[in-house]
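1. dropping a prediction and its sequence here:
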Amino acid sequence: MKKRFLYLGLFFATALLLFIFQKPLFMLYNDSVGRGVPLAEYFRVMWHGASLDAAVTGYLIALPWLVTLISVWFKKFPLRKILTGYYALIALLISLIFMGDMSLYPFWNFKLDASVFFYLESPQNAMASVSAGFVILRILCILLLSGLTTWILYRITPRMLPAVAKKLWGSFELILTGGIIFLVIRGGVT
């Protein structure tokens, strides 16, 4: 069971740190240094967004938690093989949203929201004011970031999970862990 809890903890910490460190990168890209933003402000921004980052991380860990819960009932469970596709998908989505948000902020002066869907109807109009090099560089960054994120998540995932002697007790422990994940998603008990 230790290996399962260690994996879930590492997944949560990795995803949360990924989200937290995106904030200073966003600020640096959008000329926070040129605007004289003090170093303390970077930490305030990271702290302020940490609860929302934890909630999103809670959503992302839901599938790995469920797969880990199922693994209790098998002698050998190929966790890494099962979750690699999921890692690639969430890494691509996270990278796409991060790069899109970071790159479009200077043009729109607000962070991405539902208005981006209006531009998806006519991508030609959305791309009319940027060069092909601008788009290609962002696509390369998205692929690099998603590849790196997938690789990190792949590396922290055990190849095989060993059999659990007390399956009911192990399931109960993981269900309690699921309750904690639910509280993180909800933002507490209030």
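-> Done, it's in.

2. helices and strands around the host helix or strand of G85, which ones?
-> In the assignment (DSSP states H and E), G85 maps to helix 79-108. Counting contacts by 3 or more Cβ pairs under 8 Å, 6 or more residues apart in numbering; DSSP states H and E, helix 79-108 packs against helix 2-29, helix 39-71, helix 132-156. For glycine as for every other residue, the C-beta is placed from the backbone atoms N, C-alpha and C.

3. and that helix with helix 2-29, angle?
-> Interaxial angle of helix 79-108 relative to helix 2-29 (axes from the mean of the first three to the mean of the last three Cα atoms, to 10 degrees): 20 degrees.

4. tally of neighbours for L52?
-> 11 (other Cβ atoms under 10 Å).

5. next: G147.
-> Around G147 there are 14 residues (other Cβ under 10 Å).

6. look up how far K76 lies from it.
-> As judged by Cβ to Cβ, to the nearest Å, G147 and K76 stand 28 Å apart.

7. now R35
-> 55 Å.

8. among those two, which residue is more densely surrounded?
-> Using other Cβ under 10 Å as the criterion, R35 and K76 rank with K76 on top: 11 against 8.

9. and the gap between that one and L161?
-> On the measure of Cβ to Cβ, K76 and L161 end up 7 Å apart.

10. likewise K167?
-> For K167 relative to L161 (Cβ to Cβ), the value is 13 Å.

11. dump the helices and strands packed on helix 79-108 into CSV; add distance to L174 and mean pLDDT as well.
-> Converted to CSV, those look like this (distance: least, Cβ to Cβ, whole Å; pLDDT from 0 to 100):
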stretch, distance to L174, mean pLDDT
helix 2-29, 7, 91
helix 39-71, 5, 91
helix 132-156, 18, 91
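
12. can you add distance to I175 and give these back as CSV?
-> Below are the helices and strands packed on helix 79-108 laid out as CSV (distance: least, Cβ to Cβ, whole Å):
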stretch, distance to I175
helix 2-29, 12
helix 39-71, 7
helix 132-156, 23
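
13. since that was my last question, I'll sign off now.
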